[in-house]
Each structure stands twice: as structure tokens, then as C-alpha cells.
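**Student:** Curious how this folds, go ahead:
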Amino acid sequence: MLNFTRYPSVCVQTMMGSGLGHVDIILALANKTISETMLATFEFVNFSSQFKLGGKLGAREPQRVHSVKDYYCEELMNMSLKRLDQSLLALKQSPRKNKHDIQAWLSAALTFQDTCKDYASGQISKRIDNASQLVSNLLALVNRITSNHTTTVTNHRSVDQGLFAKWVSQRDRKLLQATTIKADAVVAKDGSGDYKTVSEAVNAASGGRFVIYVKAGVYEEKIHTKKDGITLIGDGKYSTIITGDDSVAKGASMPGSATFS
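**Tutor:** Numbers count the residues shown, from 1 in each chain. Here you go, the predicted structure:
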């Protein structure tokens, strides 16, 4: 039953003592695997924090490099946890109906963990590798769930008719369909708006859908946020420009060189 997963021995070990009865085996395995993966991720974050308190992750590399590695690994693992939370909720609601979303979220979680492994070594790498194997097995299990054919056909018809997926909120539908959009905040370099920088406007977002209108200009800044639901609207790709000059050649890490993150 577990041989179709990439790591069957890990899958068997994960399910030991689960006491399965008549509950659907695939869904039970999926829920158990997510729980175990979350536990492994939390252990990594705690393990990483111990190194930060000690000021280094190893004896051979500079402390500054380790702090960068540690920061991005924790960020990536936290993003992975977020996708796993979404997957678990969707599995509990309707595995068949939400199958495609779950597959996308699990793939994202796996990508975040694999990227983190590029920065880690030793015991940290082993912990992440264990979490990645669990997510991989979970994805294989979800792939075996039979999709709701009727729902799939309906969704395709909705797209053809210009409608939206069910997860798009009513407010977001109105936002996407509107010919004119009312901004919650305006950014202008000349001071004619609510803020002079995009970062200030992003930091002011209180949660939920928040629309920021960025007037024409070149904004030299890096924007880092964990907030969801932020929409940026400019005056065109050649008029509103947000740019950063960090790069690997200048000493930044690959994730750290991103203008938006």
C-alpha cells in the first residue's frame, strides 16, 4: 500500500501505532504525515534558535555567513509550515474537491525545504531532509486521491465563462472586475501621497486585502513582508519602477538579493 511513495520505509515508520480502523487509509496517512512534518519543522526552528544564541552554526565558516543562512532557513521553513497548515485544513474540509490546491501547497512546501537544505549542513540538514521525505510521501498519497470529476468539469466551465474560482472572495472579484480601483494607500516620491516609499505603505497594511497605488517614479528600495493580501497598482511598467541593487556578486545571498520577498 505504501510502496508507491518515494520513501516507503519512512512512511511505514511514520504510521506505526496509528491504530487505523475503517478510516480511509490514504487520508489517514496524509493527516499523520502532515502532523509529523509539522513536528519536524518546529524541531528545526528550535534547533536553529540554539545556534543563534550561540552565535554560530559551525567552527569553519564566518559568523556573518551563518547568521544569513540561519535567517533564510527559518524563513523558508516558516513558509513551508504555512503551506502545510493550508493543506491540512483543505484535507479536513474536502480532499477530493481541494486536491489540486493541496498538491500546489505541498509542492511549495517541498520547494521551500529543499532550498533551505542548500544553506544547511550537518544535523540541521538531516532534520530538514526528514521533513522533506515526509512531505514527499504526503504528496504521493494526495496524488492517489480520486478527483471529483463533476467539480473539475464545472470549474473548467467557469473559467471559460470568465468566472472565478470559489476561493476568490467576493471583494477580490469586485476588485479584479472594476474599471477603477480605490486604493487604501497612495505612494508618491514627491510627497503628494500618503507615503513616500512602498515599504512604508506595506508596513501600514493592517491585514486582509490592502490596495496600494504607487505613482510614477523610480523607487530604489527592498520590500520584505510576511503579510498576505497586498495588491500594488502602478502607472505602467515603464512609469512605476521598484528596483534594488543587491546581488550575489555584491555579497548578498540569492534569496537576500530579491527586491520583493
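
**Student:** contacts and neighbour counts: CA atoms only from here.
**Tutor:** OK.

**Student:** Distance check, Gln113 against Lys126.
**Tutor:** 11 Å (Cα to Cα, to the nearest Å).

**Student:** Equivalent analysis for Ser35, please.
**Tutor:** For Ser35, the distance to Lys126 - Cα to Cα - is 18 Å.

**Student:** More neighbours: which of those two?
**Tutor:** Set side by side, Ser35 and Lys126 show more neighbours around Ser35, with 17 against 14, by other Cα atoms under 10 Å.

**Student:** ok, the nearest residue to Ala183 once chain neighbours are set aside - contacts?
**Tutor:** In space, and not counting its chain neighbours, Ala183 is closest to Val211: 5.0 Å by Cα to Cα, 6 or more residues apart in numbering. Contacts for Val211 (Cα atoms under 8 Å, 6 or more residues apart in numbering) come out as 182-185, 230-233.

**Student:** ok, now Val187?
**Tutor:** Per Cα under 8 Å, 6+ apart, neighbours of Val187: 193-198, 201, 212-215.

**Student:** Outside of the host helix or strand of Val202 itself, list whatever touches it.
**Tutor:** Secondary structure assignment for Val202, by DSSP states H and E: helix 198-204. For helix 198-204, contacts defined as Cα under 8 Å, 6+ apart pick out 185-187, 194-195, 212, 214, 219, 221-225, 230.

**Student:** that older thread, closest to Ala28 among the contacts of Val187?
**Tutor:** Ile212 (42.8 Å; Cα to Cα).

**Student:** on that earlier part again, partner strands of the helix or strand just after the helix holding Val202, with direction?
**Tutor:** For helix 198-204, the following helix or strand on the C-terminal side (DSSP H and E) is strand 210-214. Here strand 210-214 is paired, per DSSP bridges, with strand 185-187 (parallel), strand 230-233 (parallel).

**Student:** and those strands, which one's lowest on average pLDDT?
**Tutor:** Mean pLDDT values for these show the minimum at strand 230-233, a mean of 91.

**Student:** Okay, buried residues for that strand please.
**Tutor:** Using 16 or more other Cα atoms under 10 Å as the burial criterion, the residues of strand 230-233 that qualify are Ile230.

**Student:** pLDDT of the host helix or strand of Arg173, averaged?
**Tutor:** Taking DSSP H and E as the criterion, Arg173 maps to helix 170-177. Mean pLDDT, helix 170-177: 79.

**Student:** Okay, buried residues for it please.
**Tutor:** Quick answer for helix 170-177 (16+ other Cα under 10 Å): Leu175.

**Student:** just the CA coordinates of it, formatted as CSV?
**Tutor:** Output of helix 170-177 as CSV, limited to C-alpha atoms (Å, rounded to 0.1, in the frame of the first residue of the first chain):
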residue,chain,number,x,y,z
GLN,A,170,-16.4,38.5,-3.3
ARG,A,171,-14.3,41.6,-2.6
ASP,A,172,-11.4,40.3,-4.6
ARG,A,173,-13.8,39.5,-7.5
LYS,A,174,-15.1,43.1,-7.5
LEU,A,175,-11.5,44.4,-7.3
LEU,A,176,-10.5,42.4,-10.4
GLN,A,177,-13.6,43.3,-12.4
